[in-house]
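Asker: need coordinates for the below:
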Amino acid sequence: MVIVATDAGSSKKAYKYSEFFNCPIALVDKRRDGNDDRAIASTIIGDVKDKNAIIFDDEIDTAGSMMETVKVLEKFGAKNIYAGATHGVLSGPAIERIQKSGIKEMVVTNTVPVAEEKRIDKITVLSIAPLFAEAIKRINEERPLGELYEM
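Answerer: So this is what the prediction gives:
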């Protein structure tokens, strides 16, 4: 298994996940193409060959950046590709892109409602209700919330 940072900006978060799972990290090298601000991923720093790759992101909107990462992982021989994001906005071509991609499973939370027609087999939606319930309980009991964020 390898944790994949989609770009340099997400490397710190990916590093924390790699420590938690006790596995290596890989970093996608992403460049901007011309003046249109479109990100192009071309190579990867780290070894993903024959490994299950896990991508974590804050948000997946149109899934364009995610698909660039997936292409690089496939190019460099990742075994299976999994993705997770806190906010599954999933607008525009996102569902079609995810469906056609090499992603085996994508997990998002329900911080943004995911319509039934967007709930394809590759997408798992997790509820954040238990986390909110625990936070409310801790506030009422005057207990610390910081423990909720520890892995």
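
Asker: next, Val2: phi, psi?
Answerer: phi -140, psi 140 (degrees, to the nearest 10).

Asker: roughly how far apart are it and Phe20?
Answerer: Val2 is 13 Å from Phe20, where distance means C-beta to C-beta, to the nearest Å. Where you see a C-beta, it was placed from the backbone N, CA and C, and this is true even at glycine.

Asker: please apply the same query to Ile128.
Answerer: Distance from Ile128 to Phe20, by C-beta to C-beta: 19 Å.

Asker: do the same with Lys49
Answerer: Using C-beta to C-beta, Lys49 is found at 23 Å from Phe20.

Asker: OK, contacts around the most centrally placed residue in the chain?
Answerer: Nearest residue to the geometric centre of the chain (C-alpha atoms, centre = their mean): Phe56, 2.7 Å. Residues counted as contacts of Phe56 (C-beta atoms under 8 Å, 6 or more residues apart in numbering) are 3, 10, 13-14, 17, 83-85.

Asker: same thing but 7 Å
Answerer: Counting by C-beta atoms under 7 Å, 6 or more residues apart in numbering, Phe56 makes contact with 13-14, 17, 84.

Asker: the helix or strand of the chain with the lowest mean pLDDT packs against which elements?
Answerer: The weakest-scoring helix or strand in the chain, judged by mean pLDDT, DSSP states H and E, is strand 38-45 (a mean of 81). Where contact means 3 or more C-beta pairs under 7 Å, 6 or more residues apart in numbering; DSSP states H and E, strand 38-45 is packed against strand 25-33, helix 64-75.

Asker: list the buried ones in that strand?
Answerer: With burial defined by 16 or more other C-beta atoms under 10 Å, the residues of strand 38-45 counted as buried are 41, 44.

Asker: what of stretch 98-116?
Answerer: For stretch 98-116, a neighbour-count test (16+ other C-beta under 10 Å) marks 98, 101, 103, 106-109, 112, 114 as buried.
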